[in-house]
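# Predicted coordinates and the sequence they were generated for:
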Amino acid sequence: MSDPSDNTTSSVNSIRRLLEVTGRTKVNPKDLLIAADIDPFLLKTANNRVPNSKISHLTRNSIERTGNVALGLHIGELSRPGLFDILGHAVMCCRTLRESFDITARFIPLIGDSDRMTVTMERDYAMITYEPVNLLPDYSKTCSEIAMASLIVNGRWLTERKIKPIEVHFQYAQPAYMSEYRRIFGSAISFEQNETRLILERGDLDYPLNQANPELLSTLIHQAEEKLAGLSTRQSFSDQVAELLAPEIKRAEPHIGTTAEKLMMSVRTLQRRLREENTSYQKVLDQTRNQAAKRLLHEAFFSHDDITSLLGFSSTSSFFRSFKRWNGLTPGEFLRQ
């Protein structure tokens with residue numbers, strides 16, 4: 001089955017929380033990372049992000065290796081706002097629980113591209129709805145468990161109150177480990193619902209937070225907005241491949257395996273992701289060479305022989321044929337336009 005999460009990413013903080021839980025077992029966290037093709041070095045920097053397809057593989061393997069079928073609930077239960085970088089610190093600086101939920105909903109893409117959250121206020125109650133998008137069903141279920149457990153546990157931690165949901169809804173079928181759901185959420189839990197959501201007393205969201213700091217919150221929101229804007233302008237996957245190929249095109253044929261290794265994925269995954277953008281490795285390589293050729297042709301001090309060598313062609317005639325195929329023009333005709 002094709003993984004729809006290949007084109008989405010999550011913060012490495014998501015992996016750190018998972019490894020904190022699995023690390024309490026005899027399973028070696030490093031082995032889990034290697035099996036999921038995740039470089040452990042990435043976890044050292046909070047700004048790094050990892051494809052959700054890899055995190056999905058890591059999660060599935062962790063559940064199988066540890067035997068902890070309630071892993072998602074346990075990850076959520078252990079989370080604290082401070083683990084979520086800028087977003088977490090902003091949440092702690094909010095004045096009320098409602099403000100903290102609103103901030104989380106606004107900036108939740110900083111946690112993961114596939115996460116969506118809304119806060120709806122009714123007359124007597126509040127609904128916090130979570131939706132994971134573009135994920136395979138098993139990982140979607142785990143993400144829902146993590147999110148819902150995180151929301152209620154962090155709400156209690158931030159307010160220092162024993163908040164009890166009126167109801168908790170999940171979209172998937174009831175699992176076998178209901179005792180863990182009841183322990184975390186209480187008794188009013190329903191499955192196979194239209195949406196995954198927490199339903200709380202409206203007054204619960206008015207509880208003040210003890211670490212409120214409006215001035216610092218303003219600064220953190222500004223930083224979060226800049227970071228979110230950066231995510232929204234991320235390169236396409238084919239652009240990422242082209243960026244890696246640019247310094248390599250002087251070689252006759254930059255190997256796809258080398259490029260895949262730099263992107264920390266298999267050749268098959270690289271090819272599939274390029275197909276999803278209606279392109280291929282060869283097309284990206286040709287486009288990269290073509291763009292470089294056009295730039296070099298405009299530089300008067302580069303001869304055709306120089307360009308042939310710089311772009312990794314075996315001969316000047318080979319370069320001319322390729323350029324004509326790409327542009328419908330010879331290099332000379334291109335310059336005379």
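Sure thing, it's come through. Note that the structure is predicted; figures quoted are calculated from it, not measured.
# The chain: strands as residue ranges?
Under the criterion DSSP state E, the chain contains strands at 9-11, 49-51, 115-121, 125-132, 167-169, 189-190, 196-201.
# Save those as TSV, and put in mean pLDDT too.
TSV is the format used below for the strands of the chain (pLDDT from 0 to 100):
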stretch	mean pLDDT
strand 9-11	89
strand 49-51	88
strand 115-121	92
strand 125-132	95
strand 167-169	98
strand 189-190	97
strand 196-201	97
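# now for these, which one comes closest to H89?
For H89, the closest of the strands of the chain is strand 9-11, at 13.9 Å, according to C-beta to C-beta. (Each C-beta comes from the backbone N, C-alpha and C, glycine too.)
# So which elements touch the closest one?
Judged by 3 or more C-beta pairs under 8 Å, 6 or more residues apart in numbering; DSSP states H and E, strand 9-11 is in contact with strand 49-51, helix 52-66.
# what residue ranges in the stretch 201-337 of the chain score low on pLDDT?
Along the stretch 201-337 of the chain, the model assigns pLDDT under 70 to residues 232-235, 250-252, 264, 300-301.
# Quick one: residues contacting Y139.
When contacts are counted by C-beta atoms under 8 Å, 6 or more residues apart in numbering, Y139 is found next to S5, N52, I55, S56, T59, R60, P132.
# what's the burial count for the closest residue to the third one other than its chain neighbours?
Think I55. Counting by C-beta to C-beta, 6 or more residues apart in numbering, S10 is the residue found nearest to I55 once chain neighbours are left out, at 5.7 Å. For S10, the neighbour count with other C-beta atoms under 10 Å is 23.
# got it, and I249?
The criterion is other C-beta under 10 Å. On that basis, I249 has 20 neighbouring residues.
# one step back: among the contacts of Y139, which one lies nearest to D138?
R60 (6.4 Å).
# Excluding covalently adjacent residues, which one is nearest to that closest one?
What sits nearest to R60 in space, not counting adjacent residues and going by C-beta to C-beta, 6+ apart, is D138, at 6.4 Å.
# Ok, which of the helices and strands packed on strand 9-11 comes nearest L33?
helix 52-66 (7.0 Å).
# Switch the strands of the chain over to CSV, and while doing so, append distance to A212 to every line.
Formatted as CSV, the entries for the strands of the chain read as follows, by distance: least, C-beta to C-beta, whole Å:
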stretch, distance to A212
strand 9-11, 25
strand 49-51, 30
strand 115-121, 18
strand 125-132, 19
strand 167-169, 27
strand 189-190, 31
strand 196-201, 20
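# so which of the ones you listed gets nearest L83?
Evaluated over the strands of the chain, closeness to L83 peaks at strand 9-11, with 9.8 Å, by C-beta to C-beta.
# what does that closest one rub up against?
Outside strand 9-11, the residues within contact range by C-beta under 8 Å, 6+ apart are 46, 48-52, 55, 84-85, 110-115.
# Filter those down to the buried ones, ChimeraX style.
Below is the selection syntax for ChimeraX that covers the buried ones among the contacts of strand 9-11, with 16 or more other C-beta atoms under 10 Å defining burial:
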select :49,50,51,52,55,84,85,110,111,112,113,114,115
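# now, among the contacts of strand 9-11, which is nearest to E277?
For E277, the closest of those turns out to be P51, at 14.5 Å, with distances computed as C-beta to C-beta.
# I'd say that closest one and T8 touch.
Yes - in this structure, P51 is within contact of T8 by C-beta atoms under 8 Å, at 7.2 Å.
# shared neighbours of those two, anything?
Residues within reach of P51 and of T8 at once, by C-beta under 8 Å, 6+ apart: there are none.
# ok, now which ones touch the closest residue to L285 other than its chain neighbours?
The shortest distance from L285 to any residue other than its chain neighbours is 5.8 Å, reached at L245 (C-beta to C-beta, 6+ apart). Contacts for L245 (C-beta under 8 Å, 6+ apart) come out as P254, T259, V284, L285, T288.
# Just the ones in helices from these, please.
Among these, the members falling in helices are T259, V284, L285, T288 (criterion: DSSP state H).
# if I read this right, the second one contacts A242, doesn't it?
Yes - under the criterion of C-beta under 8 Å, V284 is in contact with A242, at a separation of 5.3 Å.
# So for the two, which residue has more residues nearby?
When neighbours are counted by other C-beta under 10 Å, V284 comes out ahead of the other of V284 and A242, with 21 against 18.
# all helices of the stretch 201-337 of the chain, in order?
Listed in chain order, the helices of the stretch 201-337 of the chain (DSSP state H, counting those that start in this stretch) span residues 214-232, 237-245, 256-262, 267-276, 281-297, 304-310, 316-327, 331-336.
# Which strands or helices does the shortest one pack on?
Secondary-structure packing of helix 331-336 (3+ C-beta pairs under 8 Å, 6+ apart): helix 281-297, helix 316-327.
# And for the fifth one?
Using 3+ C-beta pairs under 8 Å, 6+ apart, the elements in contact with helix 281-297 are helix 237-245, helix 267-276, helix 304-310, helix 316-327, helix 331-336.
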